[in-house]
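Peer 1: I'd like to go over a predicted model; first the sequence, then the structure.
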Amino acid sequence: MATERPPSSVVPKRRTAAANNTSAIEARLSLVFALASQTTSVSQRLLADLATETAKYVFPRRFESRNLEEALMSVPDLETVNFKVLSRNDQYEIREIEPYFVAETTMPGKYGFDLNGSSQSFNVLAEYLFGKNTANESMEMTTPVLTRKTQSGGESMDMTTPVITRRMEDQDKWKMSFVMPSKYGSNLPLPKNSAVAIKEVPARTVAVVAFSGFVTDEDVMRRELKLRDTLKNDSQFKVKSGALVEVAQLNKIIDQQVGSGNTAAYQSTECIWALIYS
């Protein structure tokens with residue numbers, strides 16, 4: 001069960017089973033190599049841990065049920081979105097988020113956080129990020145991964161980032177988004193997979209609450225109701241009509257003093273949940 005804490009400052013046509021298995025492993029290995037180029041200034045122990053987590057994804061039957069999302073989101077020093085804290089209390093934080101670009105895809109199924117649906121969507125976006133684009137270019141991974149409910153009226157396909165999961169309003173559909181590296185701006189290569197769209201997310205103000213643990217649809221609903229109720233007492237910021245929630249998932253590397261002069265690093269999964277404000 002997640003524990004709450006105050007926030008901190010296309011699939012090609014199938015050929016044969018063997019061919020499909022080889023293709024899947026090759027795709028996974030390409031992600032491993034891309035990640036390796038980004039893991040600078042990391043201790044050998046952290047690198048070993050990352051290799052173990054990645055192996056669990058490449059050879060899933062040899063390990064307990066884990067997935068690539070966990071391996072990617074445990075990599076330190078990834079770029080993330082920029083924001084300014086406008087207000088903070090012991091229950092939530094109000095942030096002004098700078099504009100950013102994302103690659104996003106509609107998730108299969110009616111739930112935002114089931115393992116099968118999220119893994120499929122994550123892999124589709126990862127393929128775009130690591131070379132399945134018009135420039136055949138591998139780009140850096142960013143953080144967090146965003147999940148949100150989508151709006152029923154449709155959306156303009158500008159360019160945006162990070163990874164977000166959101167649900168479509170009045171529909172049983174969710175969208176997952178990867179935040180794109182800021183150096184590209186609006187000049188991102190186009191995806192080869194029509195299931196991936198590039199969108200620009202404008203500057204906005206959001207309410208944020210941070211919590212740790214495994215995320216479920218029930219958790220999201222419960223926390224949304226609690227946050228909406230709490231925000232009714234905010235005299236400065238009011239919830240925008242039709243505002244939807246987003247779940248941003250990431251792992252943080254935390255240093256802790258151990259003994260005399262020694263430090264140990266460990267990972268703490270953090271999910272930042274935002275409610276758009278007016």
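Peer 2: Sure thing, it's come through. Numbering: from 1, shown residues only.

Peer 1: make it CA atoms for all contacts and neighbour counts henceforth
Peer 2: Fine.

Peer 1: remind me which residues of the chain are low pLDDT?
Peer 2: Counting by pLDDT under 70, the low-confidence segments of the chain come to 1-78, 109-117, 149-172, 213-214, 250-274, 276-278.

Peer 1: got the domain boundaries for this structure?
Peer 2: When the chain is parsed into structural domains using automatic domain parsing, the resulting residue ranges are 1-11+79-278, 12-73.

Peer 1: and L86, how close does it get to F237?
Peer 2: Computed with Cα to Cα, to the nearest Å, the distance linking L86 and F237 is 10 Å.

Peer 1: for V145, give the beta-bridge partners.
Peer 2: Residues in a beta bridge with V145, per DSSP bridges, are F178, Q249.

Peer 1: what about it, neighbour count?
Peer 2: Around V145 sit 26 other residues, with neighbours defined as other Cα atoms under 10 Å.

Peer 1: that one against M176, yeah?
Peer 2: Yes. In terms of Cα atoms under 8 Å, V145 counts as a neighbour of M176; the distance is 7.4 Å.

Peer 1: what ranges does the stretch 101-250 of the chain have for its strands?
Peer 2: With DSSP state E, counting those that start in this stretch as the criterion, the stretch 101-250 of the chain has strands at 145-149, 160, 165-167, 174-179, 197-201, 204-212, 245-258.

Peer 1: ok, L86 and F237, which is more surrounded?
Peer 2: Set side by side, L86 and F237 show unequal neighbour counts under other Cα under 10 Å, the larger going to F237 at 16 against 12.

Peer 1: and the host helix or strand of K84, what does it pack against?
Peer 2: When secondary structure is defined using DSSP states H and E, the element that contains K84 is strand 83-88. Counting contacts by 3 or more Cα pairs under 8 Å, 6 or more residues apart in numbering; DSSP states H and E, strand 83-88 packs against strand 93-97.

Peer 1: neighbouring strands - and their directions - for the strand it packs on?
Peer 2: Strand partners for strand 93-97, identified by DSSP bridges, are recorded as strand 83-88 (antiparallel), strand 204-212 (antiparallel).

Peer 1: any idea of the angle that strand forms with strand 197-201?
Peer 2: 110 degrees (axes from the mean of the first three to the mean of the last three Cα atoms, to 10 degrees).

Peer 1: which residues does strand 93-97 contact?
Peer 2: Surrounding strand 93-97, the residues in contact under the criterion Cα atoms under 8 Å, 6 or more residues apart in numbering are 7, 81-88, 203-209.

Peer 1: filter these to the buried ones?
Peer 2: Members of the contacts of strand 93-97 that pass the buried threshold by neighbour count (16 or more other Cα atoms under 10 Å) are listed as P7, V81, F83, R88, T205, V206, A207, V208, V209.

Peer 1: between the residues you listed, which sits nearest A103?
Peer 2: Ranked by distance to A103 (Cα to Cα), the buried ones among the contacts of strand 93-97 are led by V81 at 14.0 Å.
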